[in-house]
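Asks: Quick one, structure for this:
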Amino acid sequence: MNRQDVIREIDERYRQSGRSLNELQRRLWAATEALKLGRGGITLVSKALRISPNTIKRGIQEIAAGQTDSFSQANARIRKPGGGRKSKKTSANRFV
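Replies: Model (predicted):
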């Protein structure tokens, strides 16, 4: 099986199961797929899913550290509070 076939197969598996995943679950799923493939898996999964290899590496680190259990709840926050773009009102008052 050549690289293009593997990329197509990963993409197809993701289309079947991954569309409803949040960003944490998607990262862990991609990391699991990369670990299954072994050497070169990060590159193949990265190309198939069009995500950064660093995202997959972070997922592998989370799996190795056992951080996956604390985020298994459906109502757990994905991002830390306070992230994102600040409102115009807040940034306009900063320079007054």
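
Asks: Which residue would you name as the spatial centre of the chain?
Replies: Arg27 (2.4 Å; CA atoms, centre = their mean).

Asks: Quick one, grab the pLDDT at that residue.
Replies: Arg27 carries a pLDDT value of 90.

Asks: Now it: closest residue in space that isn't a chain neighbour?
Replies: Distances taken as CB to CB, 6 or more residues apart in numbering place Gly59 nearest to Arg27, at 4.0 Å, with adjacent residues excluded. Every residue, glycine included, has its C-beta placed from N, CA and C.

Asks: Next, work out how far apart the one you found and Asp11 are.
Replies: Separation of Gly59 from Asp11 (CB to CB, to the nearest Å): 17 Å.

Asks: Next: Thr43.
Replies: Shown here: Thr43 relative to Asp11, a distance of 14 Å by CB to CB.

Asks: With Ala30 instead?
Replies: 12 Å.
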